[in-house]
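In: return atomic coordinates for the entry below.
(chains A and B)
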Amino acid sequence: MKRGRPKGYNPYYEISYAELGDWVGSKAKVQVSKKWLDILMGNSSEISTDNLSSSELKKEVSSDTPKIEFNLTTFDNE
Amino acid sequence: MSNYFPHLIGQDAVKKKLSFYLDAFEKTSQSPFLLMAGAKGLGKTEFAKSFADKLSNQDGNKRPFLELNCSTIKNNEQFFEQIFLPMISDNEITIIFDECHALPQDLTMAFLTIFNSEKSHKKSFEWEDMTFQFNFRKQTFIFATTETDKIFPPLKDRLTIVDFEPYSGEELGEIIKICIPEIKISDKCLPEIAKTIRGNARSAVKRSKEISLYCGAKESNNFSLDNFKDLCDHVGILPFGISFTEKQILQTLLKCGSATLTGLAAKIGMSKTSLQRDHELYLLNKSLIEIDGKRKITSHGLELCKLL
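Out: Predicted coordinates for the structure are as follows:
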């Protein structure tokens, strides 16, 4: 029996807020990232849902991932 | 053949090999995927950095050098998002994956595809609906580790191994002299200092800093054998550079005659793995103990115990 995700599988689907509303209605509860919601509520003047693209949302969700340690050296050109 | 590393001491075989690849790079703009392998403090990163310093871009400028600590890489997504896309993709750069035995499993699998040897200098890697382009004329990849046995064998097969060897006493003396040129170390003293450095270049650099501090405190630019004995007494440098745990091992074996690994670990109060890897190997290397079923102190070890 095959296990695991097939190649190219993505568990997320992009859908507009309006289209989602058509399916579940405006009072339906949906799960969102706490951090993203805090940013929205705390700095609503800076960030609005209209200009937050799906890629930015994904970036926000993945901002919790630890940073890779690196050191970049640029050598002097003689 | 050119020697591109006259400023670095020792490691003649490494210098020869890397110089050959640098000569080849000048003509082909390509280098094999190198794996710097050897114990800690032998200069793997230093040589990799010096190698990278000699690699030029197509416009003749020097390439930047990116050092990555593999133990902080958790998965493919993190690597491609944080490192590949912003710093590697489309750029001319040299990358070293330090402690590469700690690469995560999914990135190791990705590297099997990426570093699969083919004639083309370009490689596309597809992952989660995205395509990442590698150009080995623009990007030079180097790996380094102290533990080659922990690298997934198919990945190791794709890499060209550059082996580092311990430094001789003379080479360690040279390293110390280069680090503190302003201090005059007596001819009798230098070999005695080298004996306490355990064949390790990084330890030589550390020891030279201690000597520099000692001379600074004494307001003198001369360092004699008596000064070294005084320094050893102050900072706890033991003969052959053995650690206090190793001293404890020798004294335990002297007391009880012989011991099994488990028995010795229990007496010293540390794990069997650490005892074997971090201490026993050095004592065996210096013929201070022997293992014949059980651990025993040698006559050489007995002499050292009297000094301690």
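
In: so what's the residue count around B:Thr140?
Out: 25 (other Cβ atoms under 10 Å in any protein chain shown). Using the backbone N, CA and C atoms, a C-beta is placed for each residue, glycine as well.

In: the nearest residue to it once chain neighbours are set aside: how many residues sit nearby?
Out: Nearest non-adjacent residue to B:Thr140, counting by Cβ to Cβ, 6 or more residues apart in numbering or on different chains: B:Thr94, 4.4 Å away. B:Thr94 has 24 neighbours, counted by other Cβ under 10 Å.

In: do the one 3 residues further on as well
Out: Burial of B:Phe97, expressed as a neighbour count using other Cβ under 10 Å, amounts to 24.

In: ok, now A:Thr74?
Out: Neighbours around A:Thr74, by other Cβ under 10 Å: 10.

In: need the residues of the stretch 101-250 of chain B near chain A, please.
Out: Residues of the stretch 101-250 of chain B that fall close to chain A, judged by Cβ under 8 Å from any Cβ of the partner chain: B:Glu128, B:Asp129.

In: pull the number of nearby residues for B:Leu155.
Out: When neighbours are defined as other Cβ under 10 Å, B:Leu155 has 20 of them.

In: one step back: identify the residues contacting the residue nearest to B:Thr140.
Out: Applying Cβ atoms under 8 Å, 6 or more residues apart in numbering or on different chains to B:Thr94 gives the contacts B:Phe51, B:Ala52, B:Leu55, B:Arg63, B:Pro64, B:Phe65, B:Leu66, B:Gln139, B:Thr140, B:Phe141, B:Ile142.

In: can I get those residues in CSV with distance to B:Gly257, pLDDT and secondary structure?
Out: Listed next are these as CSV, based on distance: Cβ to Cβ, whole Å; pLDDT from 0 to 100; DSSP: H, G, I helix; E, B strand; the rest coil:
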residue, distance to B:Gly257, pLDDT, secondary structure
B:Phe51, 50, 96, helix
B:Ala52, 53, 95, helix
B:Leu55, 57, 93, coil
B:Arg63, 59, 92, coil
B:Pro64, 58, 94, coil
B:Phe65, 53, 95, strand
B:Leu66, 54, 96, strand
B:Gln139, 58, 95, strand
B:Thr140, 55, 96, strand
B:Phe141, 52, 97, strand
B:Ile142, 48, 97, strand
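
In: tell me where the stretch 51-200 of chain B has strands.
Out: B:65-69, B:93-98, B:122-127, B:130-135, B:139-145, B:160-163, B:184-185 (DSSP state E, counting those that start in this stretch).
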